[in-house]
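Undergrad: I would like the atomic coordinates for the input below:
(chains A, B, C and D)
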There are 4 protein chains.
Amino acid sequence: MLRYLTSGESHGKCLVSIVDGIPAGLFIDKARIDAELSKRMLGYGRGKRMHMECDKVNILAGLRKSLTIGSPIALMIENRDHSIDSLPAVLEPRPGHADLAGVLKYGFKDARDVLERASARETASRVAVGSIARILLSEFGIKVLSHVTAIDGVLANTRGMSVKDISANSGKSPVNCADPKASKLMCREIDRAIEHGDTLGGMFEVIITGVPAGLGSYAQWDKRLDAILARAVMSIQAIKGVSLGLGFESAIRKGSLVQDEIFYDKKKGFYRNSNNAGGVEGGMSNGEHIIVRSAMKPIATLAKPLASVNIKTKKAVRASVQRSDICAVPAAGVVAEAVCAVEIANAMIDKFGGDSIREMRRNYDGYIKELKKI
Amino acid sequence: MLRYLTSGESHGKCLVSIVDGIPAGLFIDKARIDAELSKRMLGYGRGKRMHMECDKVNILAGLRKSLTIGSPIALMIENRDHSIDSLPAVLEPRPGHADLAGVLKYGFKDARDVLERASARETASRVAVGSIARILLSEFGIKVLSHVTAIDGVLANTRGMSVKDISANSGKSPVNCADPKASKLMCREIDRAIEHGDTLGGMFEVIITGVPAGLGSYAQWDKRLDAILARAVMSIQAIKGVSLGLGFESAIRKGSLVQDEIFYDKKKGFYRNSNNAGGVEGGMSNGEHIIVRSAMKPIATLAKPLASVNIKTKKAVRASVQRSDICAVPAAGVVAEAVCAVEIANAMIDKFGGDSIREMRRNYDGYIKELKKI
Amino acid sequence: MLRYLTSGESHGKCLVSIVDGIPAGLFIDKARIDAELSKRMLGYGRGKRMHMECDKVNILAGLRKSLTIGSPIALMIENRDHSIDSLPAVLEPRPGHADLAGVLKYGFKDARDVLERASARETASRVAVGSIARILLSEFGIKVLSHVTAIDGVLANTRGMSVKDISANSGKSPVNCADPKASKLMCREIDRAIEHGDTLGGMFEVIITGVPAGLGSYAQWDKRLDAILARAVMSIQAIKGVSLGLGFESAIRKGSLVQDEIFYDKKKGFYRNSNNAGGVEGGMSNGEHIIVRSAMKPIATLAKPLASVNIKTKKAVRASVQRSDICAVPAAGVVAEAVCAVEIANAMIDKFGGDSIREMRRNYDGYIKELKKI
Amino acid sequence: MLRYLTSGESHGKCLVSIVDGIPAGLFIDKARIDAELSKRMLGYGRGKRMHMECDKVNILAGLRKSLTIGSPIALMIENRDHSIDSLPAVLEPRPGHADLAGVLKYGFKDARDVLERASARETASRVAVGSIARILLSEFGIKVLSHVTAIDGVLANTRGMSVKDISANSGKSPVNCADPKASKLMCREIDRAIEHGDTLGGMFEVIITGVPAGLGSYAQWDKRLDAILARAVMSIQAIKGVSLGLGFESAIRKGSLVQDEIFYDKKKGFYRNSNNAGGVEGGMSNGEHIIVRSAMKPIATLAKPLASVNIKTKKAVRASVQRSDICAVPAAGVVAEAVCAVEIANAMIDKFGGDSIREMRRNYDGYIKELKKI
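TA: Coordinates of the predicted model:
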């Protein structure tokens, strides 16, 4: 079982995570984690804080000579600004944020006690944890990528693009969008939003390739891989919707146009010519790419703030303004990659067991060999 | 902590569930559970099996004189047809079902070993479990309802309808749709699908009223209420998308048009004039109605079956045809009500603790009283 | 992950359990479960109820043609007497039972609401669940047995006896004791206790043979196999102490006389000439027999009842007398076998993964082969 | 739900833990944590390492102005010596340690990969985590202490001593023993063991005062407080036995001499004149002191090492010698205090819920008030 806890406040000393359950013998290249952390900070439309931050991971525990040894791994990312104790109180809760509900839940007199932890700053931890999972997955040829499919009303058209194309194209886009035309329009929308003191949301897609058939299970409700992925992605700050494959579109198509017909070829084994299911049938991976789509609402902190109420005086005010981004959809995609990587890694560990990469690999190979015999 | 396990196959003796963690002193009216079970079986477009079934719960353990006593509660629903051992092998896996992935995962030679458990028959268990949770929630004035918002391409228009209206209207519709015109068109689409040997999916909305602010938490990723609800709903058979509030629409709106502004009134306390967040901000309930929207793909068993492959001979065949429905969107809504009820009940227990309803109620009242002082 | 929930009251309709996570393809012989259930009911010193009971398991879900299919398994044991709703109130809590603490915790006005679930009747469920685990373990040559080492002050002497001898001898004893002399004395003590209206406790030992080295882990506190076994055994009604290997005796010996020296032989691999550790070092199985010793206090219901207080009137009274045993140590040993079997099975599943017995076996064989290479 | 993960190796940079689920509003005095860490390092018979170490906690996350804010709390303790990557390989596994089983489990070629994490150094993390739990418990008047009851064959006599006396006396003893005579003899035995290159184990007792009746539950096996405490204590390195109250002695007494009779007094409510149960009946706290007794085997690293086998050459050798203690029973007691504090805190949170100390306190007070009415 892979499990992890994150900790850390937005303006605390640092973010600290512990990942428990990674098999022994995995080489952890710190540079790969840092690269993911950098990806999270990029994207047209990020605020000034992103330029200040230059997240680097510090692996505090769990390795010997850069190899995992079955021990839990502790990851630390320092905050540049750790003025949590001296920052002013926040009395004007921002609509769309945790501020008000948090004050009510915990009985706080200052919404700063809420926003320090509720902040999306926490997602840096998850990206670091996800990087460990990705390194594990790459031992089995499993890759995880994301690309932005919409910002505001601008939709990307990626029909007919291969995963390779999507990866290459989105890599060149300042908003991680695989459609070059849409990418430009998205940047323009971001510019406009800056002018108007507004913020933008959007959609992204996570694609996971190389996943063997048979992860997850229909045997118990909480073992279903789609449910597990939905939880992981929906747990990211500002995410309001998650879907697999065709998602909501599958609801308005006839059954004959939704299900992915089954074919067989001696070399390939069972295969499909479509992937409307998004790689999950009956709560299990079916061997096709896993496709998770998600919607992020616009950042809730606006330069032109919305109506709020002072929690002390109860007077109508404008919401507090915290340093923030205009659009963070590309970053949310990177975080979603991370949390999906963790869940797929966990499902791999669940199916293949193994205390070392070598043992896990042996079990995996045995299964793949058997699949070919079916 | 509320937890539950379900068991049972589609053509086994019965479905059995155990719910652990319900406080003592709750009166369990078996009729309320049976009423929910009946609701799950209804809906225009259900197959013959539904008419055969007449699910009644049998409470095997956990009550004394119809009251909970803190013990786990065991619920049994008998199957009319329990021919699991004699039913023929299924060698032609149905696209869109667990059949093929299940055979690969478990190394089965017969997809019946998969479909017996993967079947949506299992959702009767979850409705029974959810009914217990609903009885708990009703002690705190929390209600859960669902209504169908789309079948195939027919969209319901419920703008401006109150929850009361939605409840009343959908109650009169054979497809649990609150828009009478759409309801008729939906039924017509179902008739057409029957003619064409096709199946239909759709969308539904779960509305949870009376939830206090402060359930769930942003403190750790797996404590976020939206993530928990997404997992629960996505774990239902054939669900391909889940969203909260505006959901995917929030991705294409400006920030200033998405966040729900905050107001205050001496009587009402803090309130909103909109509920685009769907009642969850920062992973916590914010005191507004919780709105979960979901997309169900069309039933994967088609009367005119799709292309498949015989798992033994590897020859191209038509998929197996099992007794099935044409459209089960209203039923999926009922199941979603149940799983959401469980999660809200769990979040209530998490926040308020208490070994008896009386103790839980006292703790709840203390919190509500405190909220009013803020 | 293997997990299970039990339910059921002492005088309810039945006991129901669900076991989740058993791999597919395991043949479940109902007779093996019933045999374990019978073992639990035997033992000199049991009360009349035991003669009334003749527990048989009813497998309600999870099998097809007697084989597991990866589904959760539901097990039911009917109660002969299911008068829970009509049995009289219990107002005189019995010292040593859950009665008083349960009344305080749940706010009950009648201790029957407590004792119905707190009763050791519940252990029949655990024996049934454990039987499933044993069937799984026997696929890997792992066996679990128990024998009584003390009743009241009579201690068995089993020094120098092999596991085989212990098994054979204890099988012939009415109190499951491997020392024939002690066995007789134990029975005599039980007779005396009956005369005096008193009850007796004792000690037993669970021996688990065939466990491969490497189950459990020191990597995280809750993964340690000794901790897991201690929890399982201590969770049995009336158990007041648990130890591994030498246990408390190891505390009064010098280090040089406690640790088991390590030797190597080409055929056997690494081995020990002693097993003071009881088969667990560093929270992991070390390949030797696992030895768990445990102490059971005397049954808390006495024919000559102790001082108590009427919970309604607060007057000093004698404690309530429920139908009960004089000595249940042999039965507790059988229950301990069951709960240990579950935990070892879980640790096996954790290490070897696998959705089917065939896959789990392949992974296990690969590991054993590798061990021989070290 | 309170949960925690620890990480860190014996010669790594540091030990890092995350505690999740502590309510908001708790003042965390770093000095209290450091004081516990110091207590863990003391005790006659500790090796040189202990003098080198001077553990101080560094609270990396989870506080604002020294108050908890509902966030997970990250705790770091630096290691003086962090030469993990350069320390030599360990090829001679030490009997009684994780060394050999760990090498087999993980397929390591060097037992250092095992011992770095398996080391009791890890318990410093648990003491830090436990200190947080203690601070929470002290809000409710719950105190946790330990004292050594045996070292080698020297048994302490504390009959008739009050908890206050035990606390005062043991505080003056270099081995945390409340019996001054025994304390001296224990020290002498330690001196002798040093001379002989041997090590010593012993026994200790954890006493938890102020626990309200009704924590834990008999409703499900894994909710029993005694089972939970047994797991926690048995998870400490070198612990081989755990018991509650009379423990193993209760097995050899008649029932009439074991159960704690029940009395009532208007002022005190229900009370007992004995506490053979050790404060837990039916898996629940009963309002008396909770008494956990435990046996620690002697330290497995001997100055005069035992027989072992080189894992590479397979030749018979003497076991590796690592820097170590002669006797660590007092320290183990401090660690046991910590892990018990965590479990009691978790049981408190489970029963009383509450997101802030204020809310938890209100719920607790309501319960206590109600108890007095019964």
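
Undergrad: which of the residues in the host helix or strand of A:D365 are buried?
TA: Per DSSP states H and E, A:D365 falls inside helix A:357-373. Using 16 or more other Cβ atoms under 10 Å in any protein chain shown as the test for burial, helix A:357-373 gives A:357-364, A:366-367, A:371. Where you see a C-beta, it was placed from the backbone N, CA and C, and this is true even at glycine.

Undergrad: any chance of a markdown table for those, columns pLDDT and distance to chain B?
TA: Shown next, in a markdown table, are these (pLDDT from 0 to 100; distance: Cβ to the nearest Cβ, whole Å):
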| residue | pLDDT | distance to chain B |
| --- | --- | --- |
| A:I357 | 98 | 22 |
| A:R358 | 98 | 23 |
| A:E359 | 98 | 20 |
| A:M360 | 98 | 17 |
| A:R361 | 98 | 19 |
| A:R362 | 98 | 17 |
| A:N363 | 98 | 14 |
| A:Y364 | 98 | 13 |
| A:G366 | 98 | 11 |
| A:Y367 | 98 | 9 |
| A:L371 | 94 | 6 |
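
Undergrad: return the closest of these with respect to A:L26.
TA: Nearest to A:L26 among the buried residues of helix A:357-373 is A:I357, at 5.2 Å by Cβ to Cβ.

Undergrad: any idea how far that closest one is from chain D?
TA: 9 Å (Cβ to the nearest Cβ, to the nearest Å).

Undergrad: any stretches of the stretch 1-150 of chain A with poor pLDDT?
TA: In the prediction, the stretch 1-150 of chain A carries residues with pLDDT under 70 at positions A:47-53.

Undergrad: rewinding a little: so what does the helix holding A:D365 touch, helix or strand wise?
TA: helix A:329-352, helix C:357-373 (3 or more Cβ pairs under 8 Å, 6 or more residues apart in numbering or on different chains; DSSP states H and E).

Undergrad: now the shortest one against helix A:329-352, angle please.
TA: With axes from the mean of the first three to the mean of the last three Cα atoms, to 10 degrees as the criterion, the two stretches helix C:357-373 and helix A:329-352 enclose an angle of 80 degrees.

Undergrad: and the gap between the residue nearest to the spatial centre of chain A and A:I239?
TA: The centroid of chain A falls nearest to A:A336 when counting by Cα atoms, centre = their mean (1.3 Å). Per Cβ to Cβ, to the nearest Å, A:A336 is found 8 Å from A:I239.

Undergrad: give the residues shared as contacts by these two.
TA: The contact sets of A:A336 and A:I239 overlap at A:233, A:294 (Cβ atoms under 8 Å, 6 or more residues apart in numbering or on different chains).

Undergrad: just put the helices and strands packed on helix A:357-373 in a markdown table and tack on distance to C:Y44.
TA: Below are those laid out as a markdown table (distance: least, Cβ to Cβ, whole Å):
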| stretch | distance to C:Y44 |
| --- | --- |
| helix A:329-352 | 45 |
| helix C:357-373 | 38 |
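
Undergrad: relative to B:A213, which of the ones you listed is closest?
TA: Across the helices and strands packed on helix A:357-373, B:A213 has its closest neighbour in helix A:329-352 (25.4 Å, Cβ to Cβ).

Undergrad: that closest one close to chain C?
TA: Yes - with Cβ under 8 Å from any Cβ of the partner chain as the measure, helix A:329-352 is seen reaching chain C through A:349-352.

Undergrad: hang on, the earlier thing: how about the helices and strands packed on helix A:357-373, which one is nearest A:D110?
TA: helix A:329-352 (27.3 Å).

Undergrad: I'd like the average pLDDT over that closest one.
TA: On average, the pLDDT along helix A:329-352 is 98.

Undergrad: dump the residue contacts of the closest residue to A:H82 other than its chain neighbours.
TA: Excluding the flanking residues, the one nearest A:H82 by Cβ to Cβ, 6 or more residues apart in numbering or on different chains is A:K13, at 4.8 Å. Listed by Cβ under 8 Å, 6+ apart, the contact partners of A:K13 are A:78-79, A:82, D:60-61.
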